[in-house]
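Novice: turn this into a model:
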Amino acid sequence: MNYRRGSGVRLAGIAVATMMAMCCSQAFAQACTSLPVNSIGPKGIVGQGPNGEKASSVDAVKLTDAEAAKVKAGNFKVGISMQTMNLDWSQLQVQGITDTLKKYGVEVIGTASAEYQVDKQIADQKTVLSAAEDQLATLADQLRVLPNFFFSPEIEVIPDDAVSFRALTKMTAAERDGATASGRLGVEFMRWVETIFALPTNNVPTLTGWEPEVAAEAVCERWNLGSGPIRQLLPVCELHGVRVMSLAPEYHNIDAFSFYDKGTPFIFLNTTKTAERLRFDLAHELGHLIMHGEYEVCQGRDAETQANEFASAFLMPRDSVLSAGLFGSNVDQVIRAKSKWHVAAMALAHRLNSLGLLTEWGYRSLCVELSKRGFRRSEPGSQLRNESSQILGKVMNALRADGFTTRRIAAEIGLPASELAAYLFGLAVTAQNGAGDSSSIGEKPRLEVVGGTAHTYRAT
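Specialist: Got it, this is the predicted structure:
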């Protein structure tokens, strides 16, 4: 056999390298075999969704017996949309989803494979959903949304600990969850409005840790409200960037709640209450926004007490009350005087007591007599009207003038007109006949304040 010099050396080298590779492979295999599987992967959930959504552990998704029974009774049908079905993992995933849903009586009516094409994925989703249009319409009706709502971008959930509820103990968990979900849709409506109108920016100070009385005085000074009664509280809050909306009447056990969304303060009010109670609820939630801030958990008895004290001091400034000559007042004097500050008789009695203008015996006697006369839950004989939203009123009028009906405005965010009306109930007029024509709105109108202390707005 003929070969050139050096070939033997190279062959020997290849043989040695091959033996070393085999030894290394065996050592690597042994190392992998002895390596605990749990040590390879991450310790927890990593990564976020395309819009920063945080993932949840599968262990957190557990249905109670009641919830499972409700799902089974719904006779739901679903479609599964996958980027591809050409992987074993994808097929196993669909099989697992199908088997799990089957346990709850949910039927999978189809699986779409987009093959990593966005347009195809959207088309496939519509094809799958078209097979269950009746079910989709029924579900939309039950949830009080339009079918196109399900094709809208995913809406972020408001965390429970980010929301301040007034009278939290009176509500059920279902009412709380329903209210926060409703609040999220209200936020979406206002975000849509902000794409058309330039609304006032947030000017709510953060005074975390301040005494409520001092905080109220500081806000009055910062907002140039003086030391007298605040005649129109709702427009004042709107002027300084607070978005005020209505709770649907069905949430009758919820007085009000508030939260920040991306730096914007929101307050939702139960507008079925008396005008005096509505003003106090609004001031109470404003106190949460100011004293407990955007990053402060504002629930608990102490937080509620602080917000109540802030509302009392904000609506009935110390100097204004002390100069009113109400020392030792009787029930008739309190009933007559309450109209000066547009507050409930009980609220004024409490303020007089906190400022030392009533003895403890006098305060208790006053509360008993007011209760006998029906002032604990209402304001008999009151002529005070609920304050209306200047911003929502002007927005709705401007949109209608540009061809938008209430129905069309609601459809922009996937809601029926009646559902949108619930968010504006008691705050702005929403009735409008006709379907309306499509029209465009050009440059954003800016809502300006005109007319001094009346705080009225106009779109310019």
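Novice: what's the neighbour count on residue 414?
Specialist: Close neighbours of residue 414, defined as other Cβ atoms under 10 Å, add up to 19. (Each C-beta comes from the backbone N, C-alpha and C, glycine too.)
Novice: also the one 3 residues further on?
Specialist: By the measure other Cβ under 10 Å, the count of residues near residue 417 is 17.
Novice: in terms of contact, does it touch residue 396 like I think?
Specialist: No - using Cβ atoms under 8 Å, residue 417 is not in contact with residue 396, being 12.0 Å away.
Novice: low pLDDT regions in the chain?
Specialist: For the chain, applying pLDDT under 70 flags the ranges 1-47, 57-60, 127-171, 249, 294-299, 425-460.
Novice: break it down into its structural domains.
Specialist: 72-143, 162-188+200-372, 390-459 (automatic domain parsing).
Novice: the residue nearest to residue 97 when sequence neighbours are not counted: what's it in contact with?
Specialist: Excluding the flanking residues, the one nearest residue 97 by Cβ to Cβ, 6 or more residues apart in numbering is residue 80, at 6.1 Å. Shown in contact with residue 80 (Cβ atoms under 8 Å, 6 or more residues apart in numbering): 94, 97-98, 108, 110-112, 128.
Novice: mind checking which helix or strand residue 80 is in?
Specialist: Secondary structure assigned from DSSP states H and E places residue 80 in strand 77-82.
Novice: now that strand: buried residues?
Specialist: Residues of strand 77-82 classed as buried: 77-80, 82 (neighbour count, 16 or more other Cβ atoms under 10 Å).
Novice: and the strands in the stretch 351-460 of the chain?
Specialist: In the stretch 351-460 of the chain, the segments counted as strands under DSSP state E, counting those that start in this stretch are 447-450, 456-459.
Novice: all strands for the stretch 101-250 of the chain, in order.
Specialist: Going by DSSP E, counting those that start in this stretch, the stretch 101-250 of the chain shows strands at 107-113, 164-166, 243-246.
Novice: among the ones you listed, which is nearest residue 318?
Specialist: strand 164-166 (23.5 Å; Cβ to Cβ).
Novice: what about stretch 192-202, start to end distance?
Specialist: Its first and final residues considered, stretch 192-202 spans 17 Å by Cα to Cα, to the nearest Å.
Novice: in it, which residues are buried?
Specialist: Buried residues in stretch 192-202, counted by 16+ other Cβ under 10 Å: 193, 196-197, 199-200, 202.
Novice: what is the nearest of these to residue 323?
Specialist: residue 200 (32.1 Å).
Novice: do you know how far that closest one is from residue 223?
Specialist: Going from residue 200 to residue 223 by Cβ to Cβ, to the nearest Å gives 12 Å.
Novice: tell me, what's touching those two both at once?
Specialist: Residues touching both residue 200 and residue 223 (Cβ under 8 Å, 6+ apart) are residue 240.
Novice: next, residue 310: secondary structure please.
Specialist: Assigned with DSSP: H, G, I helix; E, B strand; the rest coil, residue 310 falls in the helix class.
Novice: enumerate every residue touching it.
Specialist: Counting by Cβ under 8 Å, 6+ apart, residue 310 touches 212, 215-216, 283-284, 286-287, 290-291.
Novice: of those residues, just the buried ones, ChimeraX syntax please.
Specialist: Here is the ChimeraX command that selects only those of those that count as buried (16+ other Cβ under 10 Å):
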select :212,215,216,283,284,286,287,290,291
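Novice: out of the contacts of residue 310, who's nearest residue 332?
Specialist: Once Cβ to Cβ is applied, the member of the contacts of residue 310 that ends up nearest residue 332 is residue 283, at 25.6 Å.
Novice: what about the closest residue to that closest one other than its chain neighbours, how many neighbours?
Specialist: Computed as Cβ to Cβ, 6+ apart, the closest residue to residue 283 that is not its neighbour in sequence is residue 311, at 3.6 Å. Close neighbours of residue 311, defined as other Cβ under 10 Å, add up to 27.
Novice: and the gap between residue 311 and residue 345?
Specialist: Remark: distance between residue 311 and residue 345 (Cβ to Cβ) = 15 Å.
Novice: kindly report the same for residue 183.
Specialist: 31 Å.
Novice: neighbour-wise, which of the two wins?
Specialist: The neighbour comparison of residue 183 against residue 345 (other Cβ under 10 Å) goes to residue 345, with 27 against 22.
Novice: now residue 107: how far from residue 301?
Specialist: Distance from residue 107 to residue 301, by Cβ to Cβ: 48 Å.
Novice: so between the two, which is more surrounded?
Specialist: Between residue 107 and residue 301, residue 107 has the larger neighbour count (other Cβ under 10 Å), namely 13 against 9.
Novice: residues touching that one, list them.
Specialist: With contacts defined as Cβ under 8 Å, 6+ apart, residue 107 is in contact with 76-78, 101.
Novice: could you identify the most distant pair in these?
Specialist: Most distant of the contacts of residue 107, by Cβ to Cβ, are 77 and 101, 9.7 Å apart.
Novice: any residues in contact with both of the two?
Specialist: With Cβ under 8 Å, 6+ apart, residue 77 and residue 101 have common neighbours 107-108.
Novice: neighbours of the closest residue to residue 422 other than its chain neighbours, how many?
Specialist: Leaving aside its sequence neighbours, residue 422 sits nearest to residue 248 (Cβ to Cβ, 6+ apart; 4.0 Å). Residues near residue 248, counting by other Cβ under 10 Å, number 21.
Novice: verify the contact between residue 248 and residue 420 for me.
Specialist: No - counting by Cβ under 8 Å, residue 248 does not reach residue 420; the two are 10.7 Å apart.
Novice: residue 109 versus residue 74, what's the distance?
Specialist: Per Cβ to Cβ, residue 74 is found 14 Å from residue 109.
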